[in-house]
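Undergrad: Next one to model:
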Amino acid sequence: MTYVVTENCIKCKYTDCVEVCPVDCFYEGENFLVIHPDECIDCGVCEPECPAEAIKPDTEPGLEKWLAINADFAAQWPNITQKRDPLPDAKEWDGKAGKEPLLSSAPGTGD
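TA: Sure thing, here's the model as predicted:
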């Protein structure tokens, strides 16, 4: 099992989860974070830290697509281990549905 970053992270990109991860398995895109499924140790400390409630265990139904998205981008994007400010309009985007088309494939800056 692993944890998966889901749609609500798009255009929010809170990084509270990143600073508590004991194995540094988060990777950063321009407007989204992902968890590397092969590096995640299933400790679950990231899930309650996410203000957007965008992190879910992959055992929840319907997350196969998000697991694939996390795995794909984790192989391309730089690692992030330090907390940063969320995106400027994160509060406006938090909780909005239909954000998947806004997911940028561009990498973030990483650490």
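Undergrad: How confident was the prediction at residue 14?
TA: For residue 14, the pLDDT comes out at 97.
Undergrad: Tell me the spacing between it and residue 59.
TA: Residue 14 sits 23 Å away from residue 59, going by C-beta to C-beta, to the nearest Å. No exception for glycine: its C-beta is placed from N, CA and C like everyone else's.
Undergrad: ok, those two, which is more surrounded?
TA: residue 14 (22 against 11; other C-beta atoms under 10 Å).
Undergrad: At which residues are the strands of the chain located?
TA: 3-5, 26-28, 33-35, 55-57 (DSSP state E).
Undergrad: ok, residue 63 touching residue 54?
TA: No. Taking contacts as C-beta atoms under 8 Å, residue 63 lies outside contact range of residue 54: 11.5 Å.
Undergrad: Give me the more crowded residue out of these two.
TA: Shown here are residue 63 and residue 54; by other C-beta under 10 Å, residue 54 has more neighbours (22 against 18).
Undergrad: Give the residues shared as contacts by residue 63 and residue 54.
TA: residue 6 (C-beta atoms under 8 Å, 6 or more residues apart in numbering).
Undergrad: before we move on, the earlier item: let's have the strands of the chain in TSV, adding distance to residue 99.
TA: Shown next, in TSV, are the strands of the chain (distance: least, C-beta to C-beta, whole Å):
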stretch	distance to residue 99
strand 3-5	12
strand 26-28	17
strand 33-35	14
strand 55-57	15
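Undergrad: Just give me the longest helix of this structure.
TA: helix 64-74 (DSSP state H).
Undergrad: Return, as residue ranges, the portions of this structure with sub-threshold pLDDT.
TA: Within the chain, no stretch has pLDDT under 70.
Undergrad: and the residue nearest to residue 78 when sequence neighbours are not counted, how many neighbours does it have?
TA: Leaving out its chain neighbours, the residue that sits closest to residue 78 by C-beta to C-beta, 6 or more residues apart in numbering is residue 110, at 2.6 Å. When neighbours are counted by other C-beta under 10 Å, residue 110 registers 13.
Undergrad: i'd like the first residue to be 476 from this point on
TA: With the count now opening at 476, the last piece we talked about shows up as residue 585.
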